[in-house]
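Colleague: no sequence on hand, only this structure:
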């Protein structure tokens, strides 16, 4: 019975090491670390599915990062960028600050979030958000969306 308990704890230990690895990788990529604050924080949240698994799909960046308890990181002036399989910027999300939960791999805040599609055809903003790694974005309050028409001429058939 004792060996079974050790077996069930192994995934938790591996997960803890994985999360610590994510945080240390993110901090090692920072340009400057001073008194538990990092600047130029960057962490890859997702890659595209095969056959494009080597291409970044979602990248989280912040001007400053400060570790909090429970595997969370406070990011100042964060951006979440989503890219196409050829590396072209598709969507950019900006906020004054947010919390990156390294265990859940989510980004959230009660602050303003601005979302803009490449080319400026779609702009959305709202207050309070949750971004998950499976592509779901939830805006909770004061949501406004602007859709601009495609400027290309459409010819009648």
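Modeller: Looks like it came in fine. If you're wondering where the values come from, they're calculated on a predicted model, not measured in any experiment.
Colleague: which residues does the residue most central in space within the chain contact?
Modeller: Averaging the C-alpha coordinates of the chain gives a centre point, and the residue nearest to it by CA atoms, centre = their mean is residue 60 (4.2 Å). Residues near residue 60 by CB atoms under 8 Å, 6 or more residues apart in numbering: 41, 42, 43, 44, 45, 75, 78, 79, 80, 100, 107. For every residue, glycine as well, the C-beta is placed using N, CA and C.
Colleague: repeat that for residue 115.
Modeller: Neighbouring residues of residue 115 by CB under 8 Å, 6+ apart: 91, 92, 93, 122, 123, 124, 125, 137.
Colleague: which outside residues touch stretch 91-101?
Modeller: Defining contact as CB under 8 Å, 6+ apart, one finds that stretch 91-101 is touched by 43, 60, 62, 65, 68, 70-82, 106-109, 111-118, 129, 131, 137.
Colleague: which stretches of this protein have low pLDDT?
Modeller: The chain contains residues with pLDDT under 70 at 1-36, 151-157.
Colleague: all helices of it, in order?
Modeller: For the chain, the helices defined by DSSP state H occupy 2-29.
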